[in-house]
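> sequence and predicted structure, then a few things I'm wondering about:
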Amino acid sequence: HRVGKANANADALSRAPSICNNSCEAGYTLNTTTCTCSLSNICELSPCQNGGSCTLVSAPSNYTCDCTGTGYQGISCSTHDWSTAASKHVIGILPVRFGFVSLVITTPETETVNFTVSNLTQTIANGSVTAGIPTTINDIILFYAVNSELERYKGLLVTSGTDKKISVTVSVLSTFPSRGIYINYPVLVYPVHSYVYYAVSIGTDESSSFSSLLIVSGNNNTNIRITPTVTVTIPSSLTSSGNQISLNAGQSITIQLQYLETFLLKPVVDKADLTGTKLESNNPISVYSGHTCVLGSNCDFV
């Protein structure tokens, strides 16, 4: 009889309201017997920095961070990732009127990686690459060089279609012979409201060539505010009025680009230098700047 009474008292106590006056923060659980808080899910404490996503491996404190697309790496996504390798690249080809343009694909992976080169409407090339053995794509890449402000959808997408990473280098060989090469950095998404870029170019005495700044959008509805250091032309297709305008140094205009849409900025005046031109975008974009011909015996691209 005493045993039954004890059980009844215990049952009543378990149903009674907690006498604890304190509460616990997210990620912690309240022990109603001791009125203390103990860790229950570390992911609710946001241990992954810079936009990384947390996965609880085992409660309460064993977790992993997925840093994909953040531009960071490490256990807590706290270290800048300056690697040129990624599963997806948005590519722009700087002005090349004559010559040859190639995409050189490499990979840090230990196994063969398949990849695809495409534009907005079609697949241009398929290939595969293994570590230490570059794969070169020559197929009509020259066609996608952006040579004027009027050429729009010439952006290229190079992707593995998986989480396997590749790097992309653009190689230019002209007929002078001139050479140029640049390594593409993948578009990285940061936990910010805007992205700011500055052009770096050069001025020369060669009037048949020009300083250039190429933009490629990796998203639809990308708003980009442009503030040039020299006068440039904004074509009618990108202005709200539908009229072509000359944008003077220090003035600003906001344009909108769609996925894989391209826009080339060139100075109105020969020999002018676009260095310092500012771009501010609501989405990450691919930005390339340089000069089609620098002083030198071979007139190399920079």
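Perfect, thanks for sending it.
> so residue 235 touches residue 243, yeah?
No. Here residue 235 lies out of contact with residue 243, judged by Cβ atoms under 8 Å, at a distance of 9.5 Å. Where C-beta positions appear, they are placed from N, C-alpha and C, glycine not excepted.
> among these two, which residue is more densely surrounded?
Neighbour totals were compared for residue 235 and residue 243, and residue 235 leads with 17 against 9 (other Cβ atoms under 10 Å).
> ok, and the closest non-adjacent residue to that one?
residue 149 (5.0 Å; Cβ to Cβ, 6 or more residues apart in numbering).
> count of neighbours near the one you found?
Neighbour count of residue 149, defined by other Cβ under 10 Å: 18.
> please give me every residue in contact with residue 183.
Listed by Cβ atoms under 8 Å, 6 or more residues apart in numbering, the contact set of residue 183 reads 84, 167-170.
> confidence-wise, which of the residues you listed comes last?
On pLDDT alone, residue 84 ranks lowest of the contacts of residue 183, at 89.
> any idea how far residue 227 is from it?
Going from residue 84 to residue 227 by Cβ to Cβ, to the nearest Å gives 28 Å.
> so who does the residue nearest to residue 235 touch?
Neighbour list for residue 149: 233-235, 263-266 [criterion: Cβ under 8 Å, 6+ apart].
> could you look up the SS state of the spatially most central residue of the chain?
Nearest to the mean C-alpha position of the chain, by Cα atoms, centre = their mean, lies residue 187 at 1.3 Å. Three-state assignment for residue 187 (DSSP: H, G, I helix; E, B strand; the rest coil): coil.
> ramachandran angles for it?
Main-chain dihedrals, residue 187, degrees, to the nearest 10: phi -70, psi 120.
> against residue 107, how distant is it?
For residue 187, the distance to residue 107 (Cβ to Cβ) stands at 18 Å.
> buried residues of stretch 64-81, list them for me.
65, 67, 69-73, 76-77, 81 (16 or more other Cβ atoms under 10 Å).
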